[in-house]
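Visitor: Sequence and predicted structure below; questions after.
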Amino acid sequence: MTHKLTQKHLLHGTQEFELRDDVIKVKINSLLKGKKELDIDLAILNPEPVISKTHLHFHSRVKCGPLISLYLNKPNAEKFNAFVDAVKKEAKAEFDVFSGLKK
């Protein structure tokens, strides 16, 4: 199943996150920084996010900084929470497969 989240910010532009199979596809379109596209493997993502003042960050398992930063509760709390829960669940499942805990 594919989960998608699109977040818009007046100054920072638009960021789209799409959870597909074992990766998160990230597309960022900013007036200042241009366009950027990334694929982030779920197996390296720590499933427990860190909350700062205005963002929710998913770090890598080695804590080298946030790999994904989401604006809190954008576009709305329901969609935001559903996407975050799906990422947490899939990141844990992918790591379990990667580490050999599940087949």
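Guide: Cool, got the structure.

Visitor: Quick one: neighbours of Thr2, just the number.
Guide: By other C-beta atoms under 10 Å, 9 other residues sit near Thr2. Where you see a C-beta, it was placed from the backbone N, CA and C, and this is true even at glycine.

Visitor: what's the closest non-adjacent residue to it?
Guide: Leaving aside its sequence neighbours, Thr2 sits nearest to Arg20 (C-beta to C-beta, 6 or more residues apart in numbering; 5.6 Å).

Visitor: Do you have the strands of this structure handy? List them.
Guide: Listed in chain order, the strands of the chain (DSSP state E) span 3-9, 13-20, 23-30, 34-41, 50-51, 55-59, 66-71.

Visitor: Now do the buried residues in the second one.
Guide: Going by neighbour count (16 or more other C-beta atoms under 10 Å), the buried part of strand 13-20 is Gly13, Gln15, Phe17, Glu18, Leu19.

Visitor: For Leu31, state which of these is nearest.
Guide: Ranked by distance to Leu31 (C-beta to C-beta), the buried residues of strand 13-20 are led by Gly13 at 5.8 Å.

Visitor: Give me the below-cutoff pLDDT ranges for this protein.
Guide: For the chain, the stretches flagged by pLDDT under 70 are 1, 102-103.

Visitor: switch to 90 and redo it
Guide: 1-2, 9-12, 21, 30-34, 61-65, 95-103 (pLDDT under 90).

Visitor: residue contacts, the residue nearest to the spatial centre of the chain?
Guide: Nearest to the geometric centre of the chain sits Ile68, at 4.7 Å (C-alpha atoms, centre = their mean). When contacts are counted by C-beta atoms under 8 Å, 6 or more residues apart in numbering, Ile68 touches Phe17, Ile24, Val26, Ile40, Leu45, His57, Phe58, Val87.

Visitor: And for the fifth one, nearest residue in space, chain neighbours not counted?
Guide: The spatially closest residue to Leu45, leaving aside those adjacent along the chain, is Ala91, at 4.3 Å (C-beta to C-beta, 6+ apart).
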